[in-house]
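Visitor: Sharing a model that was predicted from the sequence below.
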Amino acid sequence: MHLGIYAAFVVGALLSICGISSAIHVDLSSSDAIKLSAKVLAGDMLSHYHGNEPGQIPGNLPYPYYWWECGAMFGSLIDYWLYTGDSAHNDLVTQGMQFQVGPNNDFMPPNQTKTLGNDDQCFWALAAISAAESNFPNPPKDKPQWLALAQAVFNTQAQRWDKSTCGGGLKWQIYTFNNGYTYKNTISNGCYFNLGARLALYTRNDTYADWATAAWNWMSEVGLIDEEYAVFDGSDELKHCASINRVQWSYNVGILLNGAAAMYNYTGGTDTWRRHTSGLLKTTSSTFFRDKVMFEPACELDDTCNTDQLSFKAYLSRWMAATTKLAPFTYGTIKPLLRASAEAAMSHCNGGNNGRTCGLKWSNWGNWDGSNGIGQQMAALEVLQSNLIHATKGPVREEDGGTSQGNPSAGGDGRGNKDVKAGPWSQPAGTGDRVGAGALTAVMAAGVVCGVWWIVC
Ligand SMILES: *[C@@H]1O[C@H](CO)[C@@H](O)[C@H](O)[C@H]1NC(C)=O
Ligand SMILES: *[C@@H]1O[C@H](CO)[C@@H](O)[C@H](O)[C@H]1NC(C)=O
Ligand SMILES: *[C@@H]1O[C@H](CO)[C@@H](O)[C@H](O)[C@H]1NC(C)=O
């Protein structure tokens, strides 16, 4: 063999060995091994975030990520701290969340009006309630506190409950000038349900539970949740919610599962909420897992997941793990799914320049799918760290250990719902005049605009 070619061959072999050795290898029976790898994954996820650097805006992600996903990412870092005890990113989380609370301390910053839907606002509130439930370090006293922020979002949304069409429900969008204003969808109502159930559990205030029940009942009546506990995307008030967009996303069933488990726990384990929790878990495992590995049927197989959708597995993982604490009878079903999914995901985290980048197609076992981004890294992080759930304490409550200060009337004056004009739009940078489509799919936005969404689904 010619020496040059031989050298190239050796170098190539070495590189590929290095590539393989930098993949994420985790012994899932070892908590320490999980923590070490979670640290790497969290760092890689944050390599996309610059909000904590001088001159940057805390709580914003770069193009093409919408604002809501930064709130979602902070939620994953609060979990990271809870699961691993590593506080390395806590200051960055607190800084970013506090920067985005907006003038009324309700996560409605004026810069985001063009993309701010109920779901977007609510994802930030979920990070806040997670912070309260886990006793994440409280912000300085003169800043809005975690529990009060979650209550503020809840109260602004309660005022938006819209009985004028479809017998109730929240619209997807908050502002009339945004696409999707007539769409009443599961993620917005499901997030409100989830937040209400968890606020009820934390504060023991029945009003939240009553609202959560109303949201659940409305989604059932309209058919967003069917008798078999399949969970569909949404419905349009222009059609009186008489027809349903039946696409199924993992985060929709996940947000309901966690909320139902919270209601189960809040009610002291009623049959009704046990049935709802079990039913949703059945749908979760039959629709969003293949051979015990999590997948996103609506877009993963044909490579059509958009930026938002690439992150959905992060939330399904998060909410399944949380469910085991609230409804312990689910642990035996959920843990093996999280474990097999984490194993598959880690085998798949062997791509990119660093040799350990994660993609989305975990069921490819060992073959990185070539995709790379915050959603994929967040999903890998959440599914891995959720395997520590058995060793993590469940949510605290106000009466037993919770330290976050609440304010039941936060956001209640409705200022957040008045006098809003389409504001300047600073993010995602570089999108020019693109129409803000909120946190959901471009396909849906187009479908709603045309009023013919059954054609695309
Ligand atoms: C809103 O945008 C302006 C201009 O880019 C920026 O200076 C400010 O920090 C932004 N505020 C928030 C809360 O993102
Ligand atoms: C319970 O929550 C409702 C709705 O936010 C609020 O109006 C009420 O003051 C709360 N009650 C207590 C005792 O905090
Ligand atoms: C509610 O959650 C707590 C804490 O995780 C748990 O100990 C308790 O068993 C749960 N309640 C029910 C009815 O399962």
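Guide: That came through fine. Ligands and ions are numbered 1, 2, ... in the order given.
Visitor: Please list all residues in contact with the closest residue to Phe136 other than its chain neighbours.
Guide: Spatial nearest neighbour of Phe136, chain neighbours left out: Ile78 (5.3 Å); criterion: CB to CB, 6 or more residues apart in numbering. All C-beta spots, glycine's among them, are computed from the backbone N, C-alpha and C. Contact partners of Ile78, counting by CB atoms under 8 Å, 6 or more residues apart in numbering, are Val93, Ala127, Ser130, Ala131, Ser134, Phe136.
Visitor: How much space separates the last one from ligand 1?
Guide: For Phe136, the distance to ligand 1 (CB to the nearest ligand atom, to the nearest Å) stands at 21 Å.
Visitor: Val396: which of the contacts of Ile78 is nearest?
Guide: Using CB to CB, Ser134 is the member of these that lies nearest Val396, at 7.4 Å.
Visitor: related to what we said a few turns ago, closest one of the contacts of Ile78 to Gly85?
Guide: Nearest to Gly85 among the contacts of Ile78 is Ser134, at 11.2 Å by CB to CB.
Visitor: sorry, back to before: mind checking if whichever helix or strand the residue nearest to Phe136 is part of is in reach of ligand 1?
Guide: Using DSSP states H and E, Ile78 sits in helix 67-84. No: using CB under 6 Å from any ligand atom, helix 67-84 never reaches ligand 1; the gap is at least 8.4 Å.
Visitor: just checking, what packs against the helix or strand just after that helix?
Guide: On the C-terminal side of helix 67-84, the closest following helix or strand by DSSP H and E is helix 90-99. The contact analysis (3 or more CB pairs under 8 Å, 6 or more residues apart in numbering; DSSP states H and E) places helix 90-99 against helix 67-84, helix 118-133.
Visitor: Let me know how buried the residue nearest to Asn155 when sequence neighbours are not counted is, in neighbour terms.
Guide: In space, and not counting its chain neighbours, Asn155 is closest to Gly411: 4.0 Å by CB to CB, 6+ apart. Counted with other CB atoms under 10 Å, residues neighbouring Gly411 total 27.
Visitor: so what's Gly411 up against?
Guide: Contacts of Gly411 (CB under 8 Å, 6+ apart): Asn104, Asn105, Asp106, Gln151, Ala152, Val153, Phe154, Asn155, Thr156.
Visitor: mind checking pLDDT for it?
Guide: Here the pLDDT value assigned to Gly411 is 91.
Visitor: Leu316 now?
Guide: Looking at Leu316, its pLDDT stands at 98.
Visitor: secondary structure element for it?
Guide: In the assignment (DSSP H and E), Leu316 maps to helix 312-326.
Visitor: Would you mark the buried spots in the next helix or strand after that helix?
Guide: Of the helices and strands lying after helix 312-326 in sequence (DSSP H and E), the nearest is helix 331-348. By neighbour count with 16 or more other CB atoms under 10 Å, helix 331-348 contains the buried residues 333-335, 337-348.
Visitor: repeat for stretch 47-62
Guide: So, applying 16+ other CB under 10 Å, buried residues of stretch 47-62: His48, Tyr49, Gly51, Asn52, Ile57, Pro58, Gly59, Asn60, Leu61.
Visitor: Just send these back as a markdown table, with pLDDT, secondary structure and distance to ligand 1 too.
Guide: Putting the buried residues of stretch 47-62 into a markdown table (pLDDT from 0 to 100; DSSP: H, G, I helix; E, B strand; the rest coil; distance: CB to the nearest ligand atom, whole Å) gives the following:
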| residue | pLDDT | secondary structure | distance to ligand 1 |
| --- | --- | --- | --- |
| His48 | 97 | coil | 17 |
| Tyr49 | 98 | coil | 14 |
| Gly51 | 98 | coil | 9 |
| Asn52 | 97 | coil | 13 |
| Ile57 | 98 | coil | 5 |
| Pro58 | 98 | coil | 8 |
| Gly59 | 98 | coil | 6 |
| Asn60 | 97 | coil | 6 |
| Leu61 | 97 | coil | 11 |
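Visitor: Looking at those, which one is closest to ligand 3?
Guide: Gly59 (30.6 Å; CB to the nearest ligand atom).
Visitor: From what I see, the closest one and Met97 are in contact.
Guide: Yes: Gly59 lies in contact with Met97 (CB atoms under 8 Å); the separation is 6.5 Å.
Visitor: who touches both of those two?
Guide: By CB under 8 Å, 6+ apart, Gly59 and Met97 have these common neighbours: Gly71, Phe74.
Visitor: Who are the packing partners of the helix or strand Ser278 falls within?
Guide: For Ser278, the host element (DSSP H and E) is helix 271-287. When contacts are defined as 3+ CB pairs under 8 Å, 6+ apart, helix 271-287 sits against helix 250-266, helix 312-326, helix 331-348.
Visitor: Could you export those to JSON lines, including columns for distance to ligand 1?
Guide: Below are those laid out as JSON lines (distance: least, CB to the nearest ligand atom, whole Å):
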{"stretch": "helix 250-266", "distance to ligand 1": "25"}
{"stretch": "helix 312-326", "distance to ligand 1": "23"}
{"stretch": "helix 331-348", "distance to ligand 1": "32"}
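Visitor: Helix or strand: which one has the residue nearest to Asn155?
Guide: Using DSSP H and E, Gly411 sits in no helix or strand.
Visitor: which residues does the residue of the stretch 351-457 of the chain found nearest ligand 3 contact?
Guide: When scored by CB to the nearest ligand atom, the stretch 351-457 of the chain has Gly394 as its residue closest to ligand 3, at 3.2 Å. For Gly394, the contacting residues are Lys325, Leu326, by CB under 8 Å, 6+ apart.
Visitor: Mind doing that once more with 6 Å?
Guide: By CB atoms under 6 Å, 6 or more residues apart in numbering, the contact set of Gly394 is Lys325.
Visitor: can you pull out the helices in the stretch 101-250 of the chain?
Guide: Assigned by DSSP state H, counting those that start in this stretch, the stretch 101-250 of the chain shows helices spanning 118-133, 146-158, 186-203, 206-222, 250-266.
Visitor: possible to save the ones you listed as TSV with distance to Val40 and mean neighbour count?
Guide: Formatted as TSV, the helices of the stretch 101-250 of the chain follow (distance: least, CB to CB, whole Å; neighbours: other CB atoms under 10 Å):
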stretch	distance to Val40	mean neighbour count
helix 118-133	22	27
helix 146-158	27	27
helix 186-203	30	28
helix 206-222	37	19
helix 250-266	24	28
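Visitor: Take those helices and lay them out in a markdown table including distance to ligand 2.
Guide: As requested, the helices of the stretch 101-250 of the chain are exported to a markdown table (distance: least, CB to the nearest ligand atom, whole Å):
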| stretch | distance to ligand 2 |
| --- | --- |
| helix 118-133 | 13 |
| helix 146-158 | 5 |
| helix 186-203 | 7 |
| helix 206-222 | 4 |
| helix 250-266 | 14 |
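Visitor: In contact with the most centrally placed residue in the chain, which residues?
Guide: Taking CA atoms, centre = their mean, the centroid of the chain lies closest to Tyr315, which sits 4.1 Å from it. Applying CB under 6 Å, 6+ apart, one finds that Tyr315 lies in contact with Tyr251, Gly254.
Visitor: ok, now Gly75?
Guide: Leu126, Ala127, Ser130 are the contacts of Gly75 under CB under 6 Å, 6+ apart.
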